[in-house]
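Student: Below are the sequence and a predicted model for it; my questions follow.
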Amino acid sequence: MRKGLVTGVLVGLTAVLATGCGHDDGPRADLVVRGTPPATPYRGPLYVPVESADDDSPEALRAASGAAGRALECDGRIFDGTGPDGWSESDGGATPEQGLALYLGMFQPELPDHGYRVERRAADRVLFSLDVGGRTKAAVVVAKDQPNRPGWGPETSASCDPAELPPSFTATTGREIWTGRDGRRVPVTTLESASGPEHCGWGSAHFLDMGRRDYARDPKGVLADAGLLTAPYRGRVGHLPADAYDTGYRYHDWRLWLTPDRATAYVRTAHGVEAWPLLKPKADCD
């Protein structure tokens with residue numbers, strides 16, 4: 001999994017939108033719901049030793065996320081996974097639900113703040129799952145009375161690609177999730193887009209992240225003025241290059257075309273074709 005430019009652009013917004021449950025007022029009433037058990041519930045141990053993740057590979061994330069990573073039922077690869085981290089002695093909750101709320105409020109993951117279900121319960125651990133279509137797309141294991149941490153708090157957590165989360169949630173995050181020829185949502189590790197950050201003065205721009213390549217729409221020239229583009233943005237292209245091909249990727253009325261060299265992204269809209277140039281490496285703002 002590569003957390004590229006678009007993910008970086010979205011970090012601040014995600015922190016605001018996914019803050020979960022509010023420590024002052026306690027967990028929201030629908031944080032945990034009864035739900036319907038999945039067809040294949042997780043039957044493994046709730047405690048699995050974890051290893052530090054040296055990279056973002058699926059293997060490393062699974063090893064770092066213990067039982068939570070093993071409880072996922074992703075269509076694609078695991079997107080995020082973490083093990084025990086720093087909640088302090090005074091943070092622990094009186095109930096497993098408060099431990100889940102602590103996780104959402106403290107770590108601010110890019111996950112919904114409600115709709116979790118108890119998938120497994122033991123004396124000292126509870127597995128909460130967020131299910132989509134009867135499959136677990138996010139999992140959190142909370143544990144009780146850990147060393148120097150009394151009460152309930154998060155032990156391990158993991159989640160699938162944001163494209164596998166409920167569309168009603170991802171629509172609030174600023175992520176623009178594309179679809180393929182079959183109409184299914186495309187993993188953000190393959191392709192995603194987002195508006196530019198206002199705090200950089202880039203609100204008029206748009207970014208397209210395709211893994212190792214980032215393209216940009218720059219109708220007001222804010223990125224060009226900052227020297228961040230490899231070529232000019234063109235808001236109207238008379239004709240697509242002869243070797244351009246339709247990728248099948250769609251976002252609303254946008255259709256993505258590329259050439260074999262992938263030097264430019266051509267976006268066909270209801271008003272014509274735009275040419276989005278590549279961004280220069282390390283194009284970012286603080």
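Tutor: Done, it's in. Numbers count the residues shown, from 1 in each chain.
Student: Contacts for the helix or strand containing Gly69 next, please.
Tutor: Using DSSP states H and E, Gly69 maps to helix 66-71. With contact meaning C-beta atoms under 8 Å, 6 or more residues apart in numbering, helix 66-71 is reached by 42, 44-50, 61-63, 78, 81, 83, 119, 125, 127, 129, 136, 139-141, 155-158. Quick note: C-beta positions are derived from backbone N, CA and C, even for glycine.
Student: Can you dump the C-alpha atoms of that helix in CSV for me?
Tutor: Output of helix 66-71 as CSV, limited to C-alpha atoms (Å, rounded to 0.1, in the frame of the first residue of the first chain):
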residue,chain,number,x,y,z
GLY,A,66,-2.4,-9.4,15.2
ALA,A,67,-5.9,-10.8,15.6
ALA,A,68,-7.5,-7.7,14.0
GLY,A,69,-5.6,-8.2,10.8
ARG,A,70,-6.6,-11.9,10.7
ALA,A,71,-10.3,-11.1,11.2
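Student: Give the buried residues for it.
Tutor: Within helix 66-71, the residues that count as buried by 16 or more other C-beta atoms under 10 Å are 66-71.
Student: about what we covered before: could I have the buried ones of the contacts of helix 66-71 as PyMOL selection syntax?
Tutor: Buried members of those, defined by 16+ other C-beta under 10 Å, are picked up in PyMOL with:
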select buried, resi 42+46+48+50+61+62+63+78+81+83+119+125+127+129+136+139+140+141+155+156+157+158
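Student: What ranges does this protein have for its strands?
Tutor: Assigned by DSSP state E, the chain shows strands spanning 78-82, 117-121, 125-132, 135-146, 149-160, 192-195, 206-209, 214-217, 245-251, 254-258, 264-269, 272-277.
Student: So, low pLDDT: which residues of the protein?
Tutor: In the predicted model, the chain carries pLDDT under 70 at residues 1-26, 86, 286.
Student: Can you pull up the most central residue in it?
Tutor: Centroid-nearest residue in the chain, with C-alpha atoms, centre = their mean: Pro162, separated by 4.1 Å.
Student: thought that residue was touching Glu176?
Tutor: No - shown here, Pro162 and Glu176 do not form a contact pair, counting by C-beta atoms under 8 Å, at 10.9 Å.
Student: Can you tell me, leaving aside adjacent residues, what's nearest to Gly227?
Tutor: Sequence neighbours aside, Lys280 is the residue nearest to Gly227 in space, at 7.5 Å (criterion: C-beta to C-beta, 6 or more residues apart in numbering).
Student: Tell me how many other residues crowd that neighbour.
Tutor: 14 (other C-beta atoms under 10 Å).
Student: My read is that it contacts Leu228, right?
Tutor: Yes - at 5.5 Å, Lys280 counts as touching Leu228 under the criterion of C-beta under 8 Å.
Student: got the contact list for Val50?
Tutor: Shown in contact with Val50 (C-beta under 8 Å, 6+ apart): 63-66, 83-84, 156.
Student: I'd like those residues written out as a markdown table, with distance to His199 added.
Tutor: A markdown table is the format used below for those (distance: C-beta to C-beta, whole Å):
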| residue | distance to His199 |
| --- | --- |
| Ala63 | 36 |
| Ala64 | 31 |
| Ser65 | 32 |
| Gly66 | 36 |
| Gly83 | 32 |
| Pro84 | 33 |
| Thr156 | 33 |
